[in-house]
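# no sequence for this one, just the structure:
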């Protein structure tokens, strides 16, 4: 008989991370009001969890010489780092790294503490440890919320079915339009949360080696036609979506699911950061051994000073603050491409658009 693996419940792992004495965690909104602080953060700020709740973060951390919190409050930035504590010589000893995520009722910011050490190597190791803990924390949280969110989606679908089955009674109901509007808002927020959690879980599975390429042969033109139809159905944003491929009436051999996720992430970003009536173009061609795809838009572009960071975990450019996102889409995209032994490049100008170019071997 196969031996049953004794796994620690996700809720226990989540509690262990939250109550870790070495990792301070604080969650606050765009007004800098603290929504949650774990015991480690309270200790680092010489306070208590109860005293911190509903307090302004800029009242707790007054040494904000780079004005990180001010930029967040003015909606000029979604990320940043600031000094939380200093040593006896006045040098920073603990930093607070801040990132953001959209929830149904607005944007929330999460700060994770990071200790600084003497050498560059130690600092790099400390940064990696914080990133690993952050990823683990978000992944465990995603596991915990996956079933409740699935339950909410199922309940929303049932509510719609019951209402529609009422026929004329529902059609003539005096507040029908208002109710449908709110149901649509709830549905959008819940599905956005589900998508965010799936990204965290996908990244964890890739990094743990649970996801590996499964190569198969499929017709490229049929694949692109289905992908275009899926993108048009799933995005209400009114952009002109153009797919072009003159050499695609052939079978290719690669991981179809990986390729679909790569293209979906790139096209979704292009649509999200474009205005209505702007064009998003997908151009593909194949040669003897490689598939070449470019995804171009005329949207907000990526500031030149931030382009080297766009594949980093949780990173979001300054000009994306008014758009939803996790800062993981491009990280996952590049990881999938690396697993297929391909590579990705891009060119972009702020305010003028972005083009991503990817090459993937198709005869492995």
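Okay, I see it. This is a predicted model, so every value here is computed, not measured.
# make sure residue 99 is indeed in a strand.
Yes: membership of residue 99 in a strand is supported by DSSP: H, G, I helix; E, B strand; the rest coil.
# could you pull up the contacting residues of it?
78-79, 109-110, 134, 314, 316, 327 (CB atoms under 8 Å, 6 or more residues apart in numbering). In this view, the C-beta of every residue, glycine as well, is placed from N, C-alpha and C.
# looking at those, which are in strands?
Secondary structure from DSSP state E places 109-110 of the contacts of residue 99 in strands.
# which of the contacts of residue 99 tops the neighbour count?
Per-residue neighbour counts (other CB atoms under 10 Å) across the contacts of residue 99 peak at residue 78, which has 26 neighbours.
# neighbours around residue 311, how many?
Residue 311, neighbours per other CB under 10 Å, totals 15.
# from residue 298, how far off is residue 327?
Going from residue 327 to residue 298 by CB to CB, to the nearest Å gives 23 Å.
# got it, and residue 239?
Distance from residue 239 to residue 298, by CB to CB: 10 Å.
# and for those two, which residues touch both?
274, 278-279.
# same list (those residues) but as a markdown table, adding distance to residue 55 and secondary structure.
Shown next, in a markdown table, are the shared contacts of residue 239 and residue 298 (distance: CB to CB, whole Å; DSSP: H, G, I helix; E, B strand; the rest coil):
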| residue | distance to residue 55 | secondary structure |
| --- | --- | --- |
| 274 | 40 | coil |
| 278 | 43 | coil |
| 279 | 48 | strand |
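# narrow those residues to those that are buried.
Taking 16 or more other CB atoms under 10 Å as the criterion, what is buried in the shared contacts of residue 239 and residue 298 is 274, 278.
# what is the nearest of the shared contacts of residue 239 and residue 298 to residue 362?
residue 279 (27.0 Å; CB to CB).
# so that closest one makes contact with residue 243?
No: contact criterion CB atoms under 8 Å: residue 279 and residue 243 do not qualify, at 11.6 Å.
# how is the protein divided into domains?
Listed by automatic domain parsing, the domain ranges of the chain are 10-116, 142-207, 216-361.
# save the ones you listed as a markdown table, and put in mean pLDDT too.
Shown next, in a markdown table, are the domains of the chain (pLDDT from 0 to 100):
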| stretch | mean pLDDT |
| --- | --- |
| domain 10-116 | 80 |
| domain 142-207 | 80 |
| domain 216-361 | 87 |
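# between the contacts of residue 99, which sits nearest residue 16?
Distances from residue 16 to these, taken by CB to CB, are shortest for residue 134, at 14.5 Å.
# picking that back up, residue 239 and residue 298 - which one has more neighbours?
Comparing residue 239 with residue 298 by other CB under 10 Å, the one with more neighbours is residue 239, at 22 against 19.
# isn't the more buried one right next to residue 279, touching?
Yes: if you go by CB under 8 Å, residue 239 and residue 279 touch, sitting 7.0 Å apart.
# can you pull the buried residues of stretch 311-322?
Buried residues in stretch 311-322, counting neighbours by 16+ other CB under 10 Å, are found at 313-317, 319-321.
# how far does stretch 296-306 stretch from one end to the other?
19 Å (CA to CA, to the nearest Å).
# give me the contact list for that stretch.
270-271, 273-275, 278-281, 283, 310, 315, 317-320, 346, 348-356.
# among those, which lie within strands?
279-281, 283, 346, 348-349, 353-356.
# any chance of these in JSON lines, plus distance to residue 220?
Below are these laid out as JSON lines (distance: CB to CB, whole Å):
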{"residue": "279", "distance to residue 220": "22"}
{"residue": "280", "distance to residue 220": "19"}
{"residue": "281", "distance to residue 220": "17"}
{"residue": "283", "distance to residue 220": "13"}
{"residue": "346", "distance to residue 220": "22"}
{"residue": "348", "distance to residue 220": "27"}
{"residue": "349", "distance to residue 220": "30"}
{"residue": "353", "distance to residue 220": "25"}
{"residue": "354", "distance to residue 220": "24"}
{"residue": "355", "distance to residue 220": "20"}
{"residue": "356", "distance to residue 220": "18"}
